[in-house]
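Asker: Mind looking at a prediction? Sequence and model below.
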Amino acid sequence: MASVDYNKIVIKEKSFYKPDLNEVAEVLSRGLKNNFETVSVSAVDCPDLRQEPFNLTSPGLCGDETLIELGGTQYLLPLVQRDKLYDLALLAKHLRRDPAYIIGAGAGPWPAFNVNCEGVINLTVRNGTVEQGSRAVTVQPVGAAKGHSGYLQRPLPAHETRAALLGNFLLSQGKPGKVIKVVAKTRTGDSNFITSIRETLQNHYGDKVVGLGGTFVVHEGRLKHHVMPDFSSTPLCSELDVENWLHFFEMRAPVVHVGTLVTGDLDLDLRVQHFHGSSTHGDGGHYHGDTTPSTAHYEGYFAVASTVLRVDPPLEKHTFGRD
Ligand SMILES: [Zn+2]
C-alpha cells in the first residue's frame, strides 16, 4: 500500500516559545521535587547517544529542532484507516532536511509484519542514505486474548521507513550541542517522569507553549507499558473500549524511551506527551510510568524545539485514546 503523498495533505507549522536552557533547568530542578526525592537538572553538552545504553543513530539531538505530529488517534479509532502510512525518510526529503534525525513514538508500519504494532522510531538520513535503528513491538502471539499474551520487540527492516496512523517525533540534524539533562530518582508523587516535566513547565510558562523532544532511560525498576494488539474489527468508541483493547505489561529496566511533550495545544490538536521504549532484552512499548517508585531511576536528555509541524491533521477532534 502506498504511503501518503506529502504534496496532497495539510502540513501546518507553528512556533514554540523557546526559553533559555539554563532557565528550563532551574525550573525543572525545583518542580520535579514535587514527584521525585532526588532531582538533578542542568543544561549540558549532549553525550554521544550512539553509545550504550541509548544506542541511537545520531550522536546528539541538536540542529533545527522541530517537533512533528503526524495524523492522530482519529485514524486508529473507532476503526483503522489502513491507508494512513507515512514514510519518514520521504517526509525529511519533502521538508528538505538532510541530515535528518527522527526519533519518537508512533504506530509502527503495520505492513512490516502484517500486524498493528508500536513503533519506536530512531532513524537518521544523511546524504540521502538511511540509517535505521527503529524497532517495533507486537502482541504475541497475534490474536492472543488479553491476559494470555506476551510481546515481541524486533528491528524494523532497513528499508521500512514508514510509520502509521499517528506519531510524535523530534526532527533535528542529530548534532551534538546543548540539551537539558534530567536525572530523577525515587518517585514520591503520582505523576510519571514525563508528566512531571510537562506539568512543571506548564505551570511556569503558562500560555507560552514549550515543546521538548528527546530520550530517557529508566535504569532501574519496572515499568507499565502497553502494546497495541492487531486492529480491532469492532469499533472502539470510548476510553474504556480502548483500555479493554490495549494489552498492558510490566517491563523490566533498563528501557530507553524516545518521544515528545508539549505544554499546550497551539490550536493544532497536539498530543501532550508520547514516549515509546525499547531495550536490548526485548522489553518495550508505550510508556505509562514506573511501577516501582522506591527504585525508580530516570536519566533523560531533551532538546527544546523551536517549531512544530502538524502533518495530516484529522478533521475531527477526539478526546480519548491519548494516554
Ligand atoms: Zn504510543
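Answerer: It's in.

Asker: What residues does the stretch 1-150 of the chain have near the ion?
Answerer: Contact residues, the stretch 1-150 of the chain versus the ion (Cβ under 5 Å from the ion): A105. C-beta coordinates here come from the backbone N, C-alpha and C atoms, glycine included.

Asker: could you pull out the strands for the stretch 1-150 of the chain?
Answerer: 11-15, 36-45, 66-71, 85-87, 100-107, 118-126, 129-132, 135-140, 150-155 (DSSP state E, counting those that start in this stretch).

Asker: Just say which of the ones you listed is most tucked in.
Answerer: Neighbour counts (mean count of other Cβ atoms under 10 Å) averaged over each of these peak at strand 100-107, with a mean of 28.

Asker: Could you spell out the sheet neighbours of that one, each with its direction?
Answerer: Strand 100-107 pairs in its sheet with strand 118-126 (antiparallel), strand 162-172 (antiparallel), by DSSP bridges.

Asker: Taking strand 135-140 as reference, get the angle to the longest one.
Answerer: In this case it means strand 162-172. 140 degrees (axes from the mean of the first three to the mean of the last three Cα atoms, to 10 degrees).

Asker: Also compute the angle for strand 162-172 relative to strand 66-71, please.
Answerer: Using the same axes, to 10 degrees, strand 162-172 lies at 160 degrees relative to strand 66-71.

Asker: same check, this time on the first one
Answerer: Inter-element angle recorded for strand 118-126 and strand 66-71: 130 degrees (by the same axes, to 10 degrees).

Asker: If the residue in the stretch 1-150 of the chain that the ion sits nearest to is in a bridge, with which residues?
Answerer: With Cβ to the ion as the measure, A105 is the residue of the stretch 1-150 of the chain nearest to the ion, at 4.8 Å. Following DSSP bridges, A105 is listed with bridge partners V120, N168.

Asker: Now do the same contact list for it.
Answerer: Going by Cβ atoms under 8 Å, 6 or more residues apart in numbering, A105 touches 118-121, 167-169, 257-260, 274-276, 286-287.

Asker: list the contacts for the residue of the stretch 151-300 of the chain at minimum distance from the ion?
Answerer: Of all residues in the stretch 151-300 of the chain, the one sitting closest to the ion is H286 (3.6 Å; Cβ to the ion). With contact taken as Cβ under 8 Å, 6+ apart, H286 is in contact with 105, 118, 225-228, 274-276.

Asker: wait, what's in contact with V130?
Answerer: Neighbours of V130 in contact, by Cβ under 8 Å, 6+ apart: 89, 123-124, 158, 161.

Asker: correction: T57
Answerer: With Cβ under 8 Å, 6+ apart, T57 has these contacts: 50, 101, 122-124, 131-133, 174.

Asker: C-alpha coordinates for the helix of greatest length in the chain, PDB please?
Answerer: When the chain is parsed with DSSP state H, its longest helix is helix 193-205. Extracted C-alpha coordinates of helix 193-205, given in PDB (Å, rounded to 0.1, in the frame of the first residue of the first chain):
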ATOM      1  CA  PHE A 193       8.600  11.300  34.800                       C
ATOM      2  CA  ILE A 194       7.300  12.900  31.600                       C
ATOM      3  CA  THR A 195       4.000  14.200  33.100                       C
ATOM      4  CA  SER A 196       6.100  15.700  35.900                       C
ATOM      5  CA  ILE A 197       8.300  17.600  33.400                       C
ATOM      6  CA  ARG A 198       5.400  18.700  31.300                       C
ATOM      7  CA  GLU A 199       3.300  19.900  34.300                       C
ATOM      8  CA  THR A 200       6.300  21.800  35.800                       C
ATOM      9  CA  LEU A 201       6.900  23.600  32.500                       C
ATOM     10  CA  GLN A 202       3.200  24.300  32.000                       C
ATOM     11  CA  ASN A 203       2.900  25.800  35.500                       C
ATOM     12  CA  HIS A 204       5.900  28.000  34.900                       C
ATOM     13  CA  TYR A 205       5.400  29.100  31.300                       C
END
